[in-house]
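Trainee: Generate coordinates for the sequence data below:
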Amino acid sequence: MTGAMIARALRILAALMWLALPGAASAANCSIEAPAPSHLNAASLVDDYRSILRACRGPDGSGVAVRSFTLAGQAGLLIADPDALTTRLERASCWTCQETSEDALADTRMVKAIRKSAEAPALVKRDFLKNAGLAHGEGSSAYFTGDLCPSTRPLDRAFLDDLATKQSHAPIALSISGLWLLRHFADFRWLVDRQAAGAFEITWVDHSYHHPFRRGVANDRNFLLTPGVDAEAEILDTERLLIANGQTPSLFFRFPGLISSAPLMQTARQNHLITLGADAWLAIGQPPKPGSILLLHPNGNEEIGLKIFDADFARGAIARPLAPLNAAP
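Mentor: Alright, predicted model coming up:
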């Protein structure tokens, strides 16, 4: 046996020994996602959920851990790809991590997008901000975002099914509130099943847990600016509920009503989230253009916006093809 053959044999033996160690696993075995449930799982299924920032290396490369948690007795991490702006749920035992900082990651696309969205111009009012964050995307395509605010009406399934015929594997970003998921689990499962069938590629955007709103109350005391609201819990509890029900939170967050404040923007930034606005809220007459982040409400509450989308898409006013949200920053 030659020296090269001996060296190769030793490398293979070392790899096999590593795989035999407790907690060691191939990339394929590192997923910790809960299976899509047949009934609603409570957010409490995901325990000890914390916002972190750690540089990590795993079986198939590197990533940035932005959350740690426990699921079914196993330690897990929400791992972000700092260049692709995608996320995945992984067993913590598969990764070696160390604490890092926003400054240390300053050259990554992720931190650049977080910082840019936190500092993006907004319509500044006396005591609040309106439409702060990423409101227009890169490139010539449009970006479909649909808000699932709490609603007594059912999901607009027919509209979404029709959208799937307009573009194969249509990339849609759905801003989901915790209360919508709690009250519309059948619609949520329908979305998950349609995604599994290849109709959509869904990016789950955090839209707060309770999505507080009081009709007739001024914006500076409404939405997440409602007195007594715990903004960080609104963010993290929505992510926990998504994970408990088999889905993966993204790096994006949209404020209810597009209403925020400087302190709320910092809360989103400190949780390593890209704040999402919109420059084409179709139902209020904002026209789409290349790079527009479209805003619709397929939660049954805004049929006019869906009709405008269909008309604009048919006449070519919405730039095609629709692009995935992670391409926008």
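Trainee: Three-state assignment for the residue nearest to residue 297 when sequence neighbours are not counted, please.
Mentor: Using C-beta to C-beta, 6 or more residues apart in numbering and skipping the chain neighbours, the partner closest in space to residue 297 is residue 147 (5.1 Å). Where you see a C-beta, it was placed from the backbone N, CA and C, and this is true even at glycine. On the three-state scheme (DSSP: H, G, I helix; E, B strand; the rest coil), residue 147 is labelled strand.
Trainee: What count of nearby residues applies to residue 162?
Mentor: 13 (other C-beta atoms under 10 Å).
Trainee: Where does the prediction get shaky in the stretch 101-250 of the chain?
Mentor: Regions of the stretch 101-250 of the chain meeting the criterion pLDDT under 70 are absent.
Trainee: Okay, helices next: where are they in it?
Mentor: Secondary structure of the stretch 101-250 of the chain by DSSP state H, counting those that start in this stretch: the helices cover 109-119, 157-166, 178-183, 185-196, 231-244.
Trainee: Tell me which of those helices is the most buried.
Mentor: Mean neighbour count (mean count of other C-beta atoms under 10 Å) peaks for helix 231-244 among these, with a mean of 22.
Trainee: sorry, back to before: what's the closest of the helices of the stretch 101-250 of the chain to residue 275?
Mentor: When the helices of the stretch 101-250 of the chain are compared by C-beta to C-beta, helix 109-119 sits nearest residue 275, at 4.3 Å.
Trainee: then the closest one to PDB, C-alphas only?
Mentor: What follows is helix 109-119, C-alpha atoms only, in PDB (Å, rounded to 0.1, in the frame of the first residue of the first chain):
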ATOM      1  CA  ARG A 109     -25.000  40.800   3.100                       C
ATOM      2  CA  MET A 110     -27.100  40.000   6.100                       C
ATOM      3  CA  VAL A 111     -25.700  42.700   8.400                       C
ATOM      4  CA  LYS A 112     -25.600  45.200   5.500                       C
ATOM      5  CA  ALA A 113     -29.300  44.500   4.900                       C
ATOM      6  CA  ILE A 114     -30.200  44.700   8.600                       C
ATOM      7  CA  ARG A 115     -28.400  48.000   9.000                       C
ATOM      8  CA  LYS A 116     -29.800  49.500   5.800                       C
ATOM      9  CA  SER A 117     -33.400  48.600   6.700                       C
ATOM     10  CA  ALA A 118     -32.900  50.000  10.200                       C
ATOM     11  CA  GLU A 119     -31.700  53.300   8.800                       C
END
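Trainee: Show residues contacting that helix.
Mentor: 64, 80-85, 102, 105-106, 132-134, 251, 265-266, 268-269, 272-276, 329 (C-beta atoms under 8 Å, 6 or more residues apart in numbering).
Trainee: Now restrict the residues you listed to buried residues only.
Mentor: 64, 80-82, 85, 105, 132-134, 251, 265, 268-269, 272-276, 329 (16 or more other C-beta atoms under 10 Å).
Trainee: Who does the residue nearest to residue 297 form a beta bridge with?
Mentor: Under the criterion DSSP bridges, residue 147 forms beta bridges with residue 175.
Trainee: how about CSV for the helices of the stretch 101-250 of the chain, with distance to residue 48 added?
Mentor: Converted to CSV, the helices of the stretch 101-250 of the chain look like this (distance: least, C-beta to C-beta, whole Å):
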stretch, distance to residue 48
helix 109-119, 24
helix 157-166, 35
helix 178-183, 18
helix 185-196, 24
helix 231-244, 10
